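>>> Fold the stuff below for me.
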Amino acid sequence: MKKSGSIGYSNISSVAREIVEEHLDLCLAAGINHEGINAEVAKGQWEFQIFGKGSKKAADQIWMAR
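Residues are numbered from 1 along each chain as shown. Alright, predicted model coming up:
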């Protein structure tokens, strides 16, 4: 029986990680309160978390991060 969960670093190239980390650096340089990143189960799918105090600030930061 196959286990569910993440696919593991050995099954993806480092290119995806490089792109995600560049996005993180750009968000931080723009003053966006980037809280974290993580790879999802599907290959090439990533998630990032943004935290802004107040709904307007949070919405603005998410919009700019995208």
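
>>> which ones are touching the residue nearest the centre of the chain?
What sits nearest the mean C-alpha location of the chain, by C-alpha atoms, centre = their mean, is residue 48, with 2.9 Å. Contacts here follow C-beta atoms under 8 Å, 6 or more residues apart in numbering; on that basis residue 48 touches 20, 23-24, 27, 34, 36-37, 65. Glycine gets a C-beta too; all of them are placed from N, C-alpha and C.

>>> who does the helix or strand that contains residue 22 touch, helix- and strand-wise?
If you go by DSSP states H and E, residue 22 is part of helix 14-29. Counting contacts by 3 or more C-beta pairs under 8 Å, 6 or more residues apart in numbering; DSSP states H and E, helix 14-29 packs against strand 34-39, strand 46-50, helix 55-65.

>>> Partner strands of the second one and their direction?
Meaning strand 46-50. strand 34-39 (antiparallel) (DSSP bridges).

>>> Could you pull out the buried residues of the partner strand?
By 16 or more other C-beta atoms under 10 Å, the buried positions in strand 34-39 come out as 34, 39.

>>> swap in stretch 20-38?
By 16+ other C-beta under 10 Å, the buried positions in stretch 20-38 come out as 20, 23-24, 27, 32, 34.

>>> And for stretch 56-63?
Residues residue 61 are the ones in stretch 56-63 that count as buried (16+ other C-beta under 10 Å).

>>> Tell me where the model's unsure across the chain.
Across the chain, the ranges flagged by pLDDT under 70 are 1-13.

>>> since we're on residue 15, how many residues are nearby?
The number of residues packed around residue 15, counting by other C-beta atoms under 10 Å, is 9.

>>> which residues sit against the helix holding residue 22?
With contact meaning C-beta under 8 Å, 6+ apart, helix 14-29 is reached by 9, 34, 37, 39, 44, 46, 48, 50, 64-65.

>>> Farthest pair within the residues you listed?
Pairwise distances among the contacts of helix 14-29 were taken by C-beta to C-beta; the largest, 28.9 Å, belongs to 9 and 64.
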